[in-house]
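Chemist: Everything below, folded, please.
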Amino acid sequence: MRYSKVNKISISIDFVRGSIRKVPLSPEEIDTLLYSCRIPSALLHQPHARVSLLQYSRFVTALMRASDDELLGQAYQPLPMGSLSILAHWLVAAKTMGQVVHRLERFYQIMGKGMNIALEQDEDSFSLVIGNDYHPKEADVFINEFSFFSIHRILCWLLKDIFPIQHLYFPFSAPPYAKDYRLMFYGAPVTFDSDRGRIVFPLQLLDKPVLQNQESLQHLLADPIGNFLVLNFYGESWSSKVGSMIQDKLQALPTLPELAAEMNLPPYTLQRRLAEEGVTYLSIKNQVKRDAAIERLVHTDLSIEEISSQLGFSETSPFTRTFKDWTGVPPSAYRKRR
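Modeler: Numbering: from 1, shown residues only. Take a look at the predicted model:
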């Protein structure tokens, strides 16, 4: 797999809204946490606004610490801080991924907080089913998203590799930001309005050995949510490969034929392979530029003029108009903290 220096993926502000929906904190406390994570609170009211994955992971961590609840109000009782660390110690001591999955299931049975993970297996695949006795299934948007997101990354970390999700089933209708699931779950096929939430993997995964150890676990636990959620690698889909190749060429993006030549492919082959993943070269270019703009606005002191130039815009005004089309707000909104 290929690593990036910085994970510049952005996700919908709806993920931030979902994380605070059940957390037992006052609006003033939440505003303070948003400010500390460089997320302007005004973005919560903008349906097309986005945050970087780094901002999101920091905010979720801050919410958990402030509420002393690693399930953010989604279960009968809080899951105290440190529970994930205990789970990680138990998982890393397993010999195989099969043992890992059984321990993951057993952990939530022992904790008994009303959020459960059940293992189901058939001839060529296995599923982890999310059960939540605390909320009706149609209210389980956040707990399903966050659980599947975290489970996949925990397993990837233990295996030191990206492995495919065979299918995702969500017990709710497709949300307006459903296209972001392609980013979160590496293009896995998704079915909505299912009778229950479950994530499906190929059966052979259970036989693979655990490759992490106690030494690497100490690094992970310095920032467990950040390290689980912000894995700095790209998947092996064609859209990921294209995004990786153009990330450092934003001032003068190659044409599709130029990029295809660099990849040793005929242009029509690259175009067809992207189309099979439901994307176009133009949409990938826009996504990479959008996420790079958000990353620079949030995590650097570059002026908007400098960012505009770095992204290949001849003037600031067209960059501002384009950015507003992408997110619903001008770039300056990401520099405001309240």
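
Chemist: show me the contacts for the residue nearest the centre of the chain.
Modeler: Residue closest to the mean C-alpha point of the chain, counted by CA atoms, centre = their mean, is residue 184 at 4.0 Å. Applying CB atoms under 8 Å, 6 or more residues apart in numbering, we find residue 184 in contact with 11, 145, 149. Backbone N, C-alpha and C define where each C-beta goes, glycine included.

Chemist: Mind checking which of those residues land in helices?
Modeler: 145, 149 (DSSP state H).

Chemist: Any chance of the contacts of residue 184 in CSV with neighbour count as columns?
Modeler: CSV is the format used below for the contacts of residue 184 (neighbours: other CB atoms under 10 Å):
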residue, neighbour count
11, 21
145, 24
149, 18
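
Chemist: any idea how far the residue nearest to residue 48 when sequence neighbours are not counted is from residue 46?
Modeler: Nearest residue to residue 48 in three dimensions, chain neighbours excluded: residue 328, at 3.5 Å (CB to CB, 6 or more residues apart in numbering). Per CB to CB, to the nearest Å, residue 328 is found 5 Å from residue 46.

Chemist: now swap in residue 37 and tell me
Modeler: Distance, residue 37 to residue 46, by CB to CB: 17 Å.

Chemist: the more surrounded of these two?
Modeler: residue 37 (21 against 14; other CB atoms under 10 Å).

Chemist: Tell me the spacing between the more buried one and residue 11.
Modeler: 14 Å.

Chemist: One more: residue 62?
Modeler: 17 Å.

Chemist: do residue 296 as well
Modeler: Taken as CB to CB, the span from residue 296 to residue 11 is 17 Å.

Chemist: now do residue 128
Modeler: Taken as CB to CB, the span from residue 128 to residue 11 is 22 Å.

Chemist: I'd assumed residue 96 was in contact with residue 155.
Modeler: No: in this structure, residue 155 is not within contact of residue 96 by CB atoms under 8 Å, at 11.8 Å.

Chemist: where along the stretch 151-300 of the chain do the strands fall?
Modeler: In the stretch 151-300 of the chain, the strands defined using DSSP state E, counting those that start in this stretch lie at 167-169, 190-191, 197-202, 233-234.

Chemist: most packed of those?
Modeler: Of all these, strand 197-202 has the most neighbours on average by mean count of other CB atoms under 10 Å, namely a mean of 21.

Chemist: Report the contact partners of residue 85.
Modeler: By CB under 8 Å, 6+ apart, the residues touching residue 85 are 221, 224.

Chemist: Thought residue 225 was touching residue 60, still the case?
Modeler: Yes: proximity of residue 60 to residue 225 meets the contact threshold set by CB under 8 Å, at 5.6 Å.

Chemist: Neighbour count: those two, which is higher?
Modeler: Neighbours per residue, other CB under 10 Å: of residue 60 and residue 225, the larger number sits with residue 60, 24 against 21.

Chemist: could you say what helices and strands the helix or strand hosting that one packs with?
Modeler: Residue 60 is part of helix 53-67, with elements assigned from DSSP states H and E. For helix 53-67, the packing partners by 3 or more CB pairs under 8 Å, 6 or more residues apart in numbering; DSSP states H and E come out as strand 10-12, helix 13-20, helix 27-36, helix 224-229, helix 281-299.

Chemist: which stretch among these comes nearest residue 123?
Modeler: Across those, residue 123 has its closest neighbour in helix 224-229 (30.4 Å, CB to CB).

Chemist: how distant is stretch 328-338 from the center of its chain?
Modeler: 22 Å (CA atoms, centre = their mean, to the nearest Å).

Chemist: quick one: low-confidence ranges for the protein?
Modeler: For the chain, the stretches flagged by pLDDT under 70 are 1-8, 133-139, 229-236, 337-338.

Chemist: can you list the domain ranges for it.
Modeler: The record's domain parsing of the chain by automatic domain parsing lists 2-229, 237-335.

Chemist: one step back: tell me the angle of the helix holding residue 60 relative to helix 13-20?
Modeler: Between helix 53-67 and helix 13-20, the angle comes out at 10 degrees (axes from the mean of the first three to the mean of the last three CA atoms, to 10 degrees).

Chemist: Kindly calculate the angle that helix 53-67 makes with helix 281-299.
Modeler: Angle, helix 53-67 to helix 281-299, by the same axes, to 10 degrees: 50 degrees.
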